[in-house]
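A.B. asks: Turn this into a model:
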Amino acid sequence: MVRRILIGVGVIIVALVVVVATRPADFHVERSTTVAAPADRVFAQVNDFHSWPAWSPWEKLDPQMARTHSGAPAGVGAMYAWKSENSKVGEGRMTIEKSERPSQVGVKLEFIKPFTATNTVTFTMAPEGTGTKVTWAMDGHHNFMGKAASLAMNMDKMVGGDFERGLASLKTVAESAAAAVPPTAAAP
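C.D. replies: The predicted structure follows:
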C-alpha cells in the first residue's frame, strides 16, 4: 500500500516537472494607447525618471518608499532605485539603456525583492493621426521556478492592468503638458 502511494506521488511529481519544463520560458506583456500630444512630450515623461511619479502606477502604492536617482539626469545612464516594505512594490532598480528621441526608450528593469528578475522594458512613440501611439512593453525570461509559478500567475494579467493604468496617467500628463505650451512655442 505504501509502495503504491509512493509510486503514485512519484508519477505526479515527474508529470509536474515535465509540464513545467515544457512551458515557454520567455514572456511578453504589451499595452498601447494614443495620446493627443506630440511624441516629444511623451518621450520627455518617459526618458526622465524624475517625471515617473506623475504617471507610474507603482509610485502610488507606497508613498513612503525610499527612492534614489543616480547616473545621468535623464536618458542613457539614468538610474532609479526603490525600496519598499510593501510586497507589491518591493525593491529594485531601473537603468535607461536606450534613448532615441522622440521614438524609443529602453530600460533594464531589475527586481531584487520580493523576487529576483531582470526584464527589458521598452516604450515606443510613433505618430498616429494628430497624436502619438505609445506602446509600453516588457520582455523577460522565466527560470524553472518562474515557469512553475506561471502555471498559477499569468504575467500578462499580473502586469497588463498596471500598464493600462500607467498609460492612462501618462496620457493625462502628456496631454496636459502639450495643452500648456502655446502652439508657436511647441517643439517641431
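
A.B. asks: three-state assignment of Ile13?
C.D. replies: Assigned state for Ile13: helix (three-state reduction, DSSP: H, G, I helix; E, B strand; the rest coil).

A.B. asks: Let me know the average pLDDT across stretch 75-93.
C.D. replies: Stretch 75-93 carries an average pLDDT of 92.

A.B. asks: all strands for the chain, in order.
C.D. replies: 26-35, 66-71, 78-83, 91-100, 104-113, 117-128, 131-141 (DSSP state E).

A.B. asks: just for this protein, where's the confidence low?
C.D. replies: 15-25, 142-153, 178-188 (pLDDT under 70).

A.B. asks: Contacts only, for Phe115.
C.D. replies: Each residue near Phe115 by C-beta atoms under 8 Å, 6 or more residues apart in numbering is listed here: Gly90. In this view, the C-beta of every residue, glycine as well, is placed from N, C-alpha and C.

A.B. asks: Could you measure from it over to Asp139?
C.D. replies: 17 Å (C-beta to C-beta, to the nearest Å).

A.B. asks: And for Trp58?
C.D. replies: Distance from Trp58 to Asp139, by C-beta to C-beta: 18 Å.

A.B. asks: again with Ser103
C.D. replies: Distance of Ser103 to Asp139, computed by C-beta to C-beta: 18 Å.

A.B. asks: ok, longest helix in the chain?
C.D. replies: For the chain, the helix with the greatest residue count under DSSP state H is helix 155-180.

A.B. asks: how big is the angle separating that one from strand 117-128?
C.D. replies: Taking axes from the mean of the first three to the mean of the last three C-alpha atoms, to 10 degrees, helix 155-180 and strand 117-128 form an angle of 40 degrees between their directions.

A.B. asks: what comes up buried for helix 155-180?
C.D. replies: 155, 159-160, 162-163, 165-167, 169-171, 173-175, 177-178 (16 or more other C-beta atoms under 10 Å).

A.B. asks: Might one say that Thr95 is in contact with Gly71?
C.D. replies: Yes - Thr95 is within contact range of Gly71, at 7.2 Å (criterion: C-beta atoms under 8 Å).

A.B. asks: Alright, I will stop here.
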